[in-house]
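Colleague: next come a sequence and a model predicted from it.
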Amino acid sequence: MGSLIIKRAETKVRQSLFGGFMLVAALLMIANSFGWVFGGDNTNANVSFNITSGTFSLDNGPTQFVFASQVYGTDDNVTANQEVDLLAVTDYRGTGTEWNVAANANNLANGTNIISAYRLSMYATTATATNVEAFDTNRVNLGSTGSLGGTGMTLANGSTQASGIVRFDNAAVRLQITATDAAGNYGAKVLFTLS
């Protein structure tokens, strides 16, 4: 009878130990699922990616403005307009930076005879802006009327979101002469600058 009691006690102890181990194993599994146990080593992988800046350019600018001949002695005569058409701004820099297109000119000269560049004017208010590629024309402002002398004037400027390609047409350039401007062939340069 003593051995039967011992056997029953051994079985009870074995069952209690097995149950205890099972309970501990279940608790460890639950704790591990929450990351409380067996954390192990972690490693991080760095991710890198590069977007290269694209084109920022002013294209298709006019190569010449040829005003009609005028007769000496005609006072305060305004020549016919010359148009600025197809001038395009490409902005694929990807920087979200505003841009500006300005125009200015040097004095018209014929030897020592000068007609001031301040008598050359550009009418940006007549210009139109057209989307060529991925451009929202609401993000561009056209300039006003201004003289091309000195620092010149602004044809257009784009906001921080003015990316893509936009084309400008129908801006007008005008020259005013006086009755005392000396006869001769005059020449000057108009510079369009994108900044």
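Modeller: Structure received. Numbering: from 1, shown residues only.
Colleague: contacting residues for the closest residue to residue 186 other than its chain neighbours?
Modeller: Spatially, and ignoring its direct neighbours in sequence, residue 186 is nearest to residue 108 (4.0 Å; Cβ to Cβ, 6 or more residues apart in numbering). For the C-beta atoms, the positions are set from N, CA and C on the backbone; glycine is no exception. With contact taken as Cβ atoms under 8 Å, 6 or more residues apart in numbering, residue 108 is in contact with 114, 115, 116, 117, 120, 175, 186, 187, 188.
Colleague: I'd like the residues you listed laid out as a markdown table, including distance to residue 137 and pLDDT.
Modeller: Shown next, in a markdown table, are the contacts of residue 108 (distance: Cβ to Cβ, whole Å; pLDDT from 0 to 100):
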| residue | distance to residue 137 | pLDDT |
| --- | --- | --- |
| 114 | 39 | 96 |
| 115 | 36 | 95 |
| 116 | 34 | 96 |
| 117 | 30 | 96 |
| 120 | 27 | 95 |
| 175 | 29 | 93 |
| 186 | 36 | 95 |
| 187 | 35 | 94 |
| 188 | 31 | 95 |
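Colleague: for residue 73, what are its contacts?
Modeller: Going by Cβ under 8 Å, 6+ apart, residue 73 touches residue 179.
Colleague: now swap in residue 127 and tell me
Modeller: Contacts of residue 127 by Cβ under 8 Å, 6+ apart are 84, 142, 143, 155, 156, 168, 169, 170, 171.
Colleague: and residue 135, by the same measure?
Modeller: Neighbour list for residue 135: 162, 163, 164, 165, 166 [criterion: Cβ under 8 Å, 6+ apart].
Colleague: any idea how far it lies from residue 96?
Modeller: To residue 96, residue 135 is 14 Å away according to Cβ to Cβ, to the nearest Å.
Colleague: so what's the residue nearest to residue 186 bridging to?
Modeller: As for beta bridges, residue 108 partners with residue 115 under DSSP bridges.
Colleague: from residue 124, how far out is it?
Modeller: When residue 108 is compared with residue 124 (using Cβ to Cβ), they lie 21 Å apart.
Colleague: residue 192 now?
Modeller: Distance from residue 192 to residue 124, by Cβ to Cβ: 12 Å.
Colleague: quick check: buried residues in stretch 178-195?
Modeller: Using 16 or more other Cβ atoms under 10 Å as the test for burial, stretch 178-195 gives 181, 186, 188, 190, 192, 194.
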